[in-house]
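Colleague: Sharing a model prediction with you, sequence too.
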Amino acid sequence: MHPILFSVFGKEIYSYGIMAALGFLCSILTWLWLGRRETRPSGFAADLGFWLMTSGIVGSRLAYVVANASYYRTHLLEIMRIDQGGLIFYGGFLLACLALVLFARHHRLPLWHLADFAIPGLAIGHALGRIGCFLNGCCYGRPAGDAFCGIAYPPLCEPGKLFPGIPLYPVQLIESAALLILWFVLLFAYPRRKKNGAVFALYLVLYPPIRFLLEYLRGDERQSWFALDVAQATSIGLFLAGILLFAFLPRKLHTPPAKA
């Protein structure tokens, strides 16, 4: 693991922050590629990225701070240290969805078409962010036993201290690989969708089950509701929302005219 990649003038540069920045860049490039034949204003991809990434980071961090309120009550200055990790994805996803609604209203854009346009960029950004989790040593898995994919962490990071020399499931890399596949699926589906909102609904149907199952392999502390942890309960809710969207989305497909 490499939580700190290098130092610049004595300032430590964290791998998590680097991967988050790379994820943001790849999201922007995805939106630029999707919009290459659509009449989008100059800077549209960067504007969309600013709204979604800012709200996503804020929502993810707020969810993490609330989940670990007992620690942050006595470490207030660390609340802003997102470069070291400490984000809960679903918190960021939900706030980013709200930001997407506001962005669509502000720019007078069809909401469900914009949701279809935005969701592939989220998938690739999330995939690279999970690699940052792996390098940072957070969001680690439980002991893998005799499984061939187990990875033992070095003793200086949290999982290495808790499970010294014990191979753990690399859930971060497994999820990253699944998200990369999902990214390709969403890019394939975008120009072939039959109604606006279908690609966003497809994401809701495909990603939450992946996250639900991977939660069983997690070894870090999880917040639980009855027999499920919070992420699993949220996954069930989002999956059902995706099914409902497929059933009730309007069938009219609005597509911006192609560039001349």
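Modeller: Great, that's in hand. Numbers count the residues shown, from 1 in each chain.
Colleague: Quick one: neighbours of the closest residue to residue 190 other than its chain neighbours, just the number.
Modeller: Spatial nearest neighbour of residue 190, excluding adjacent residues (Cβ to Cβ, 6 or more residues apart in numbering): residue 199 at 5.3 Å. C-betas here are computed from N, CA, C, even on glycine. Look at residue 199: counted by other Cβ atoms under 10 Å, it has 25 neighbours.
Colleague: ok, now residue 13?
Modeller: Residue 13 has 12 nearby residues by other Cβ under 10 Å.
Colleague: quick one, strands of the chain?
Modeller: 4-8, 11-14, 224-225, 228-229 (DSSP state E).
Colleague: Same list, those, but as a markdown table with distance to residue 242 and mean pLDDT please.
Modeller: Output for those, formatted as a markdown table (distance: least, Cβ to Cβ, whole Å; pLDDT from 0 to 100):
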| stretch | distance to residue 242 | mean pLDDT |
| --- | --- | --- |
| strand 4-8 | 37 | 72 |
| strand 11-14 | 34 | 77 |
| strand 224-225 | 20 | 73 |
| strand 228-229 | 18 | 90 |
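Colleague: Out of those, which is closest to residue 136?
Modeller: strand 11-14 (7.0 Å; Cβ to Cβ).
Colleague: Tell me the strands beside that closest one, with direction?
Modeller: Strand 11-14 has the following strand partners under DSSP bridges: strand 4-8 (antiparallel).
Colleague: In the protein, where is pLDDT below threshold?
Modeller: 1, 6, 83-85, 252-260 (pLDDT under 70).
Colleague: 80 instead, please
Modeller: Residue ranges of the chain with pLDDT under 80: 1-14, 37, 39, 41-42, 67-68, 70-71, 75-78, 80-86, 222-226, 250-260.
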